[in-house]
Each structure stands twice: as structure tokens, then as C-alpha cells.
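**Q** sequence plus predicted model, see below.
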Amino acid sequence: MLQLCIIGAGYVGLVSGACLAKLGHHVTCLDRDSARIEGLKRGIMPIYEPGLAELVAEMTKAGRLRFGIEKDDAAPDAVFLAVGTPPEEHSGAADLRFLLAAAEEIAAHAPPGLTVVTKSTVPVGTGAKLAGMFPSLRFASNPEFLREGVAIEDFLKPERIVIGTADSHAQGLLRRIYAPLTERGVPLLATGMETAELIKYASNAFLATKVAFINQIADICEAMGADVEEVARGMGLDSRIGSRFLRAGPGYGGSCFPKDTLALLHTAEAADSPPTIIRAAVEANTRRRTQMVKKITTACGGSVAGKTLAILGLAFKPKTDDMRESPAMTIIGQLLDKGAIIRAYDPQAMEQAKALLPGEVTLTASAEAAMQGADAAVIITEWEEFAALDMTQVKTWLRTPLLIDLRNLYSPAEMAAAGITYISVGRPYAK
Ligand code: NAD
Ligand code: UGA
């Protein structure tokens, strides 16, 4: 088993560290955020991710997972870079400041020949740039494909592992690191560095485009009286299309699709290779949020001014407390501008919401408290508890029985039978 060091104990670094320990390796996770590290040493997770606290506790107890701020004397076989690569404010290009700083710190102490693996999502050419800057180190790209909310399962049962490097020692090392997974039949794709880097961006941009596409089909459904859920089912049964990522909704969000599509646009433009399809997806997704505000306003009789709206769901998707680029943030901001009074609830993201939402938003302790006396309820995130509301009670809580469901959690016919005015996405209204 190998000694591994991970720089950055965020979503990817922490999940990867705990899972690599689970595969049998000895892992040290380093982060420059001392409060985060102190918390982790006491078993306090900086993020909500199902199963993570338990796995970290198990691996720490087994002596295979440690946390620190600075590198100790132990010489690792490989160092993984898992720091953030956020978008630059004006250009949208990936900001490599954290990555370059981390690489410099490693180079300052590393023995010659140490293998440095980039797990952060980085633009094509970054690995080659690092190799040029730090010639004594070996570099490899190993993009991560985990999804928030199911991150541990995604890491331990991936659909593929991608390794990009021209260095045979680094490739051999990565094959050993992932041997417990490849021995179970997980495909491992060994490519050049640039190809591995682009596989990551192309995958995210394709999925983002798929979501933007089905949202546009939902608009056509609304205009023509068709049902997007059935259209998606009919499309998805064709194995060339596949049924996943065809859920219409308020547009994609999160820490990755928005930032990675922008970064790929930037890369393509710099390469003089016009990214027209990706640009269309990005523009459609930006418009999508305003469209959702229009949908809510229309449902409220043409104006939300002075109306109290119960917002159900703030995280960008269920099973996470991550609100980065969450559609809820933009929608709430635009509703406030139109004079709405907002009460909001999320099963996990309330701490994040306190820090991120404007002070005039009232955060409530439950969905019921958000809905009591409100003029309408708006479901933005498809948390399980929002799919299991008791409509008899909802009707007694709301001042008017108006439910705007941006995630299509209920059947329009059932809502009509329950006496709820129900507005969803890409489906005919039931009378
Ligand atoms: P994050 O913001 O949650 O975590 C990054 C961590 O790195 C922070 O804790 C920060 O303090 C630490 N850090 C920054 N510079 C450091 C340094 N020099 N030394 C030590 N620690 C340092 O970010 P994340 O969501 O985990 O994303 C990390 C990378 O992985 C990004 O490139 C992202 O695109 C990619 N990625 C993310 C996901 C995801 O689901 N979040 C999935 C796949 C890939
Ligand atoms: C995404 C990818 O799925 C991961 O493979 C990748 O590793 C990760 O980005 C990353 O690079 O960070 P994640 O952002 O956690 O994972 O979430 P997804 O489940 O992909 O959802 C992204 C967004 O698309 C969410 O806002 C979600 O609500 C939306 N979405 C997804 C839809 O609106 N409809 C769908 O059918 C699917």
C-alpha cells in the first residue's frame, strides 16, 4: 500500500482522501485553512456529504487517514492536488492561483522525481505548464468525476478512471493506487495529459448541454401542450441518448457545470476554435433562471410585489449543503428585486444560506414554517421531504393553495384532485 498526500481538504480532496484510505493507502490531507483542519481532527466535517463523517472516522481510527496544515517529514509516493480552480471574475477562465501556489510549495520540499497528480479540474495545457515550471517533478492528470451528494459511491464505484501522463513511472504508480478498483473491473483509460484534461471538461460541458437541451424542450412542451416528462422518457429509452440528465428544471448550478463550461469557452476561444454549442448552453442556462422568475410571477397573477413566497430548497441539488451557483440564489435575488417577501428553508443548507442570502430573507426552521400564511410555495431543490408533502396540510398552511414546482415532483392530475393550483415545468396544467 502507498503513502499519499492530498493538498486541499475540500469536497474533492476530503472525499478522495477518505476513499483512497478505504482502498488501503495511507493518506495525509493537508489544507491551509487551519480551522478546517482542526475541525477535521475532531471529526467535524466542513461540508455535508452523506456517509463522509462515518468514513473519515473509520479511516482515522484505522490509522490510514491524517490531517495537517503543513507537510510533515514522511515522504509520500505521490501528492494529489485537489485545490479549487474557480472562475476568474471577468474572463471566466479557470483561476490557477491556488494550484500554482500549491505546486510551488511541493516543489520547495519535494525530492526529485516525486509524482504530482492533478485532481483539480484544470484547463488543457496546465499539466504541460506545470511540467515546464518544475522539471524535477513528474506530473500526471487524474480528473475526478464524482457528484456531490453521492460522492463516496462515485469515488469507490466509478464508471471510469482517467490517467493522463507521458511519464511511465507516474502511470505505473497511478495504476497501483487504483488497482483495488481496476481489479474489480473498473475501466482505466491511460491517455496523454492534454487528452485527460479535456475528457473532464468535455464530460461536464456535454452533461450541462444535455440539461440545457431538455430545458429548451420543456419550453416547447409548454407552448405546444406536450409533457416533458414523457418526452424525456421517450428519448431516454433510446440507448444512444440515455435517460439520465434529462430532468427539466430551473437550470444547472453547482460549483462545476457553470464554472467548467465558462472555462472551456475560454480555452476554445483562445485556441481559435469557436465553441458555439457550449456558448448556446451557457446562455440558455443563464436565461433559464429569469424565465423561472417569470413563471413564478405569472403564477402569482402578474406581480409578486408584497406577496410572501415560501422557497423550498436552497442547495443547488439535494443531499448537499453546497449553494455555489445555486439557481435558488439568482431566483431569490430577482424575486426580491420585484418586491416579493421571501421565506426560505433547506434541510441542510441553512448555515450556508445565513452567510450567502441577503438579510431580508427570513430563514425558517421547517418547510411548514416557510409556508404558514404564504401566498405560494416554490420548490427549487428536489429534496425527498419536498416530494412527500401532505397536501391536505399544505392547503391549511398556505393563504392560497398555489404550488410552483420547478422540479416536477408531483403529478398535475393528483394536485388538481387535491385542490392545489399546481404549476410545474414543461407539463400541461391540470384543471
Ligand atoms: P473546495 O473549495 O471545496 O476545496 C478546495 C480546498 O483547497 C479548500 O479547503 C482550500 O482551503 C484548499 N487550498 C487552496 N489552496 C491551498 C494550498 N495552497 N494548500 C493547501 N490547501 C489549499 O473545492 P472542491 O469543490 O473540492 O474542488 C476542487 C477541485 O476539484 C476544483 O478544480 C473542482 O473543479 C474539481 N472538482 C470538484 C468536484 C465537486 O463535486 N466539488 C467534482 C470534481 C472535480
Ligand atoms: C457534476 C458532474 O455530474 C460530476 O461528474 C463532476 O465530477 C462534477 O460536476 C464536477 O466536476 O464537479 P455535480 O455538480 O455534483 O456533478 O452535480 P450534478 O448531479 O451533475 O448536477 C449538476 C446540476 O445539473 C445541478 O444543478 C442539477 O440540478 C442539474 N441537473 C442535473 C438538472 O437540472 N437535470 C438533470 O437531469 C441533471
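**A** Cool, got the structure. Numbers count the residues shown, from 1 in each chain. Ligands and ions are numbered 1, 2, ... in the order given.
**Q** how about A369, phi and psi?
**A** The phi and psi values for A369, taken as degrees, to the nearest 10, are phi -60, psi -30.
**Q** got the contact list for it?
**A** Counting by CB atoms under 8 Å, 6 or more residues apart in numbering, A369 makes contact with 343, 345. C-betas here are computed from N, CA, C, even on glycine.
**Q** ok, now with 10 Å
**A** Contacts were defined as CB atoms under 10 Å, 6 or more residues apart in numbering; by that measure A369 touches 310, 343, 345, 362-363, 397.
**Q** isn't A349 up against I380?
**A** No - contact criterion CB atoms under 10 Å: A349 and I380 do not qualify, at 11.0 Å.
**Q** need the pLDDT of the residue in the chain positioned nearest to ligand 1.
**A** The minimum distance from the chain to ligand 1, using CB to the nearest ligand atom, falls at G10 (1.7 Å). Looking at G10, its pLDDT stands at 95.
**Q** next one: A74
**A** 71.
**Q** and it, what element?
**A** Under the criterion DSSP states H and E, no helix or strand holds A74.
**Q** now it: closest residue in space that isn't a chain neighbour?
**A** Spatial nearest neighbour of A74, chain neighbours left out: Q3 (6.3 Å); criterion: CB to CB, 6 or more residues apart in numbering.
**Q** check A102 too.
**A** I7 (4.7 Å).
**Q** do L81 as well
**A** In space, L81 is closest to T118, 5.0 Å off (CB to CB, 6+ apart).
**Q** was I right to think the residue of the chain closest to ligand 1 contacts R36?
**A** Yes - shown here, G10 and R36 form a contact pair, counting by CB under 10 Å, at 8.4 Å.
**Q** overlap of the contact sets of those two?
**A** 29, 46-47.
**Q** of those residues, closest to M292?
**A** Of all these, I47 has the smallest distance to M292: 26.3 Å, by CB to CB.
**Q** chain neighbours aside, what residue packs nearest to the closest one?
**A** Distances taken as CB to CB, 6+ apart put Y11 closest to I47, at 5.9 Å, once the chain neighbours are dropped.
**Q** wait, isn't the one you found in contact with A82?
**A** Yes - the pair Y11 / A82 is scored as a contact, 8.6 Å apart, by CB under 10 Å.
**Q** neighbour count for the two, which is higher?
**A** Between Y11 and A82, counted using other CB atoms under 10 Å, the more crowded position is A82 (26 against 23).
**Q** which members of the contacts of A369 are classed as buried?
**A** 310, 343, 345, 363, 397 (16 or more other CB atoms under 10 Å).
**Q** biggest separation within those, which pair?
**A** Counting by CB to CB, the most remote pair of those is L363 and W397, 17.1 Å apart.
**Q** which neighbours do Y11 and A82 share?
**A** Common contact partners of Y11 and A82 (CB under 10 Å, 6+ apart): E144.
**Q** closest to ligand 2 among the shared contacts of G10 and R36?
**A** When those are ranked by distance to ligand 2 (CB to the nearest ligand atom), I47 comes first, at 11.7 Å.
**Q** hang on, isn't the closest one packed against V15?
**A** Yes - counting by CB under 10 Å, V15 is a contact partner of I47 at 8.9 Å.
**Q** mutual contacts of these two, please.
**A** Common neighbours of I47 and V15, counting by CB under 10 Å, 6+ apart, are 9, 148, 151.
**Q** count of neighbours near the first one?
**A** What that stands for is A9. A9, neighbours per other CB under 10 Å, totals 28.
**Q** per-residue pLDDT, the residue lying closest to it once chain neighbours are set aside?
**A** Among residues not flanking A9 along the chain, D31 sits closest, at 3.9 Å (CB to CB, 6+ apart). Looking at D31, its pLDDT is 97.
**Q** residues in contact with D31?
**A** Shown in contact with D31 (CB under 10 Å, 6+ apart): 6-10, 13-14, 37, 40, 46, 67-69, 82-83.
**Q** in a markdown table, list the shared contacts of I47 and V15 along with secondary structure.
**A** Output for these, formatted as a markdown table (DSSP: H, G, I helix; E, B strand; the rest coil):
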| residue | secondary structure |
| --- | --- |
| A9 | coil |
| E148 | coil |
| A151 | helix |
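**Q** closest to ligand 2 among those?
**A** Using CB to the nearest ligand atom, those come closest to ligand 2 at E148, 3.6 Å.
**Q** my guess is the closest one contacts K319. True?
**A** Yes - taking CB under 10 Å as the definition, E148 is a contact partner of K319 at 7.4 Å.
**Q** returning to that earlier point: inside strands: which ones of the contacts of A369?
**A** Taking DSSP state E, the ones among the contacts of A369 that sit in strands are 310, 343, 345, 362-363.
**Q** and which of those residues is nearest to F245?
**A** The closest of the ones in strands among the contacts of A369, once distances to F245 are taken by CB to CB, is Y345, at 26.9 Å.
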